[in-house]
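1. Turn this into a structure:
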Amino acid sequence: MAAPKEDVRDSSTSFPIAVEVNSHKTELVCCTFEDRIFCIVTQYQKLGMLVDVTREIVMEETDTAPPRYSTRVLLGKDEPMTHVLAQTLISKLDIHKPIILAMALKDTAPSSVKKLAEYLTQLVNT
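-> Just a heads-up that it's a prediction; the model follows:
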């Protein structure tokens, strides 16, 4: 018996933008699904590393404390810098859905990553 056919395109919303950060053309795309968000941040026009980002549940979470996220590399080198980049990119987001983050960055300077985090926040909050 064949599975019922669903139109997968109807279950997501996609928001792409292209920006220039420190002379590097950067593309950002966020696709929102029912159960998670898929974000791409690339300066190579490739997906790069895939990181699963999940918001940690903190019992005494206050309005002034920033949300905390745990990261797990799904594809690519599992290096400390990968986790730092992923957490910095999603640090300004205040969402409870898990995020799959694809990163391919030429420029990992702190100022560049913070700027990308701002763009990503704008994109997700669209």
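2. The least confident helix or strand in the chain by mean pLDDT: partners in the sheet, and parallel or antiparallel?
-> Per-element confidence for the chain was summarised using mean pLDDT, DSSP states H and E. The lowest value among helices and strands belongs to strand 13-21, with a mean of 89. Partner strands and pairing direction for strand 13-21 (DSSP bridges) are strand 24-32 (antiparallel).
3. CA atoms only for the partner strand - export them in CSV, please.
-> Listed next in CSV are the C-alpha coordinates belonging to strand 24-32 (Å, rounded to 0.1, in the frame of the first residue of the first chain):
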residue,chain,number,x,y,z
HIS,A,24,32.2,38.4,1.5
LYS,A,25,29.0,37.7,-0.3
THR,A,26,26.9,35.8,2.2
GLU,A,27,23.6,34.0,1.7
LEU,A,28,21.2,33.3,4.6
VAL,A,29,18.1,31.2,4.3
CYS,A,30,15.7,30.1,7.0
CYS,A,31,13.0,27.5,6.4
THR,A,32,10.5,27.2,9.2
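4. tell me which residues of it are tucked away?
-> Applying a neighbour-count criterion of 16 or more other C-beta atoms under 10 Å, the buried positions in strand 24-32 are 26, 28, 29, 30, 31, 32. The way it works is simple: take the backbone N, C-alpha and C, and place the C-beta from them, glycine included.
5. same check, this time on stretch 116-126
-> Under the neighbour-count criterion of 16+ other C-beta under 10 Å, stretch 116-126 has 116, 117, 119, 120, 121, 123, 124 buried.
6. what sits up against that stretch?
-> Counting by C-beta atoms under 8 Å, 6 or more residues apart in numbering, stretch 116-126 makes contact with 15, 17, 19, 21, 26, 28-30, 32, 37, 39, 41, 88-93, 95, 105, all of which sit outside it.
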